[in-house]
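Participant: Predicted model and sequence below, questions to follow.
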Amino acid sequence: MFNGNHVCAIAAMAAFSMVSLTACSDENSDITNVPDESELSSSSTPSVESESSSSGLELSSSSAPLIESSSSEKLSDLQSCDTTGASVGSICKTRDGDFVYAGDGEWRDYDRTVTKIKVECSAENDGTMQFVNPSENSDDEILSRLFICKDGAWLPEIKQAYELDKIKFKCSAVKPHPVDGDECSYKDDDGYLRNFMYVHDAWWESKVDSTFGMCPTNAINSKLYKKLGEDYYYCAWGEWFPAVMVPQQFTDPRKEGLSDEEYDVLDLPKNASVGDRAEGALEHCVNGVTLMLHNGMYGYGTAKTSAYCVAENHYRYRSNGTWTLETEEDLQNDSRFQEIECTEGNLGAEYELGDGKIYRCENVQTTDFCNKNTCKYSWKPGAVEVDARYKRSILISPTEACNESNDGEEVTIDAGPIVGGYFPCHKRLLDYQCKYDSENSSGKWEVVGENSVSFYD
């Protein structure tokens, strides 16, 4: 397997990158818009006089963002930056650093390397990218910063966004209309073979297993299951793991010859009333420990499952006598699935939103503000996930029978990775104890303790 400690250390950064990559995969992206290094310059942008405001926000109509003068008062943190009146490229200076406005309520870390760009950002080159090396004495591409032209300003962009455009450009030549499961391989500029699979509406870098084939590295892929002998394996984080539970569409003989849409409606009730809700046959399964968030920030409740399956789709029975896919409007109009505004007066109240999860109003720890040295927290009413209704689920337990001879014996079971985020950094160990009831001549294993340890210990 891969280097777990390194992967976990960058998990948060990778998660942010993955979201941004998908967002940047525009249909009109063209890697030919990225200029050659010869087009880049190390000279500074000509100084332009700016209009500073007491709010710490600087607005500019120039093609490059401007830094506000040192005499301006700095704000306390990013939360103090007001988007009212801000245009793309506006700078907000705070004691935590400088930020540039990227539009749609998003502030990004300001990168002074932008001052090295001499190409004006205009409507003609909107969406194009520029690589800029902050060091005048180095040609190392790893040090290069990527900027994108947007609405008249050069904004810092995640470097992998350029990589995604290049991947899309190359793979689209092979698969112009990709569907989930399509594969693409090509050699990069250094001669290394790169492998990609199309899942979740994007091309993802994949590892290739000699037995099972490609497995994307972008976390769990719910539709990638392979059978070996009598056992099934699922793809997650670029590796193949034994599956505790498998979606029934992989094992149900009725699925043969049917599309997913045809199979999904096989078990819908024949007799129903208008507004009835029913689950489709297609399943999504998660193999790993599910934890209930206990205080909204740090503590966790007991392990709910070590594997579970839920329906991929829900249907509603309509007045014309047919079942159709459930809509957001259906959920909003269903009194059973209404979100509750948590207050001091309704602590303990529970509700559902139709996603199978059960939420409870509790006092949760929230962050009021943070600066470089400290954070201030407070406890406020909020919703936390406390339980879930699964279509099928199991909690792994000892295989040995609990009887009179081993009454009181304790056994530790590896319940698998903790499900959440993009990478499995921890696994859950469950401590079981055999408890034998002599009066009823029966025994059962009960969870008496839990522990979270590194997934790679």
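Facilitator: Alright, I've got the coordinates. Residues are numbered from 1 along each chain as shown.
Participant: Pick out the least confidently modelled helix or strand of this structure, by mean pLDDT.
Facilitator: strand 51-52 (a mean of 34; mean pLDDT, DSSP states H and E).
Participant: The protein: helices as residue ranges?
Facilitator: 4-9, 11-24, 160-174, 260-264, 328-332 (DSSP state H).
Participant: Lowest average confidence across those, which one?
Facilitator: The minimum mean pLDDT among the helices of the chain belongs to helix 11-24 (a mean of 38).
Participant: For the closest residue to Leu353 other than its chain neighbours, what are phi and psi?
Facilitator: Of all residues not flanking Leu353 in the chain, Phe337 sits nearest, at 5.2 Å (C-beta to C-beta, 6 or more residues apart in numbering). For the C-beta atoms, the positions are set from N, CA and C on the backbone; glycine is no exception. Dihedral pair for Phe337: phi -130, psi 70, per degrees, to the nearest 10.
Participant: and Phe337, how many neighbours does it have?
Facilitator: 15 (other C-beta atoms under 10 Å).
Participant: Could you report the pLDDT at it?
Facilitator: 92.
Participant: And it, how far from Arg316?
Facilitator: Distance of Phe337 to Arg316, given as C-beta to C-beta, to the nearest Å: 12 Å.
Participant: quick check: domain ranges of this structure?
Facilitator: The chain breaks down by automatic domain parsing into domains covering 4-164, 178-243, 282-388, 396-454.
Participant: least reliable of these going by mean pLDDT?
Facilitator: domain 4-164 (a mean of 58).
Participant: List the contacts of Lys376.
Facilitator: The contact partners of Lys376, taken as C-beta atoms under 8 Å, 6 or more residues apart in numbering, are Thr367, Asp368, Phe369, Cys370.
Participant: And those residues, which is closest to Ile394?
Facilitator: Thr367 (36.3 Å; C-beta to C-beta).
Participant: Report the contact partners of that closest one.
Facilitator: Contact analysis of Thr367 by C-beta under 8 Å, 6+ apart lists Cys375, Lys376, Tyr377.
Participant: Distance to Ala401 added to the residues you listed, as a markdown table?
Facilitator: Below are those laid out as a markdown table (distance: C-beta to C-beta, whole Å):
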| residue | distance to Ala401 |
| --- | --- |
| Cys375 | 50 |
| Lys376 | 53 |
| Tyr377 | 48 |
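Participant: Kindly indicate which of these lies nearest Asp437.
Facilitator: Asp437 lies nearest to Tyr377 out of these, by C-beta to C-beta, at 45.4 Å.
Participant: neighbours around the closest one, how many?
Facilitator: Tyr377 has 12 neighbours, counted by other C-beta under 10 Å.
Participant: so how far is Ser397 from it?
Facilitator: Distance, Tyr377 to Ser397, using C-beta to C-beta: 38 Å.
Participant: again, but for Gly416
Facilitator: From Gly416 to Ser397 the distance is 13 Å (C-beta to C-beta).
Participant: neighbour count winner among the two?
Facilitator: Gly416 (21 against 17).
Participant: For the more buried one, which non-adjacent residue is spatially closest?
Facilitator: In space, Gly416 is closest to Gly288, 4.8 Å off (C-beta to C-beta, 6+ apart).
Participant: That neighbour touches Tyr308, doesn't it?
Facilitator: No. Counting by C-beta atoms under 8 Å, Tyr308 is not a contact partner of Gly288; they are 9.3 Å apart.
Participant: more neighbours, those two?
Facilitator: A direct count of neighbours by other C-beta under 10 Å for Gly288 and Tyr308 places Tyr308 higher, at 25 against 22.
Participant: what's the nearest residue to the more buried one if we skip its chain neighbours?
Facilitator: Using C-beta to C-beta, 6+ apart, the nearest residue to Tyr308 is Ser393, at 3.7 Å.
Participant: for the one you found, what are its contacts?
Facilitator: Neighbouring residues of Ser393 by C-beta under 8 Å, 6+ apart: Met245, Lys304, Thr305, Ala307, Tyr308, Cys309.
Participant: now Tyr263
Facilitator: Gln249, Asp252, Arg254, Lys255, Ala281, Leu282.
Participant: And Tyr436, by the same measure?
Facilitator: Cys402, Asn403, Glu404, Asn406, Asp407, Gly408, Ser442, Gly443.
Participant: Out of the residues you listed, which end up buried?
Facilitator: Among these, those classed as buried by neighbour count (16 or more other C-beta atoms under 10 Å) are Cys402, Asn406, Gly443.
Participant: Tabulate those residues (JSON lines), appending distance to Tyr232.
Facilitator: Below are the buried ones among the contacts of Tyr436 laid out as JSON lines (distance: C-beta to C-beta, whole Å):
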{"residue": "Cys402", "distance to Tyr232": "28"}
{"residue": "Asn406", "distance to Tyr232": "32"}
{"residue": "Gly443", "distance to Tyr232": "31"}
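Participant: need the contact list for Tyr317.
Facilitator: Pro269, Ala272, Ser273, Val274, Gly275, Asp276, Ala278, Trp323.
Participant: Distance check, Asn363 against Lys357.
Facilitator: For Asn363 relative to Lys357 (C-beta to C-beta), the value is 19 Å.
Participant: related to what we said a few turns ago, tabulate the contacts of Tyr436 in a markdown table, adding columns for distance to Val386.
Facilitator: Formatted as a markdown table, the contacts of Tyr436 follow (distance: C-beta to C-beta, whole Å):
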| residue | distance to Val386 |
| --- | --- |
| Cys402 | 28 |
| Asn403 | 34 |
| Glu404 | 36 |
| Asn406 | 33 |
| Asp407 | 32 |
| Gly408 | 31 |
| Ser442 | 30 |
| Gly443 | 30 |
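Participant: In JSON lines: the contacts of Ser393, plus distance to Phe169.
Facilitator: Formatted as JSON lines, those follow (distance: C-beta to C-beta, whole Å):
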{"residue": "Met245", "distance to Phe169": "39"}
{"residue": "Lys304", "distance to Phe169": "44"}
{"residue": "Thr305", "distance to Phe169": "42"}
{"residue": "Ala307", "distance to Phe169": "39"}
{"residue": "Tyr308", "distance to Phe169": "39"}
{"residue": "Cys309", "distance to Phe169": "38"}
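Participant: Which of the residues you listed fall within strands?
Facilitator: Among the contacts of Ser393, the members falling in strands (DSSP state E) are Lys304, Thr305, Ala307, Tyr308, Cys309.
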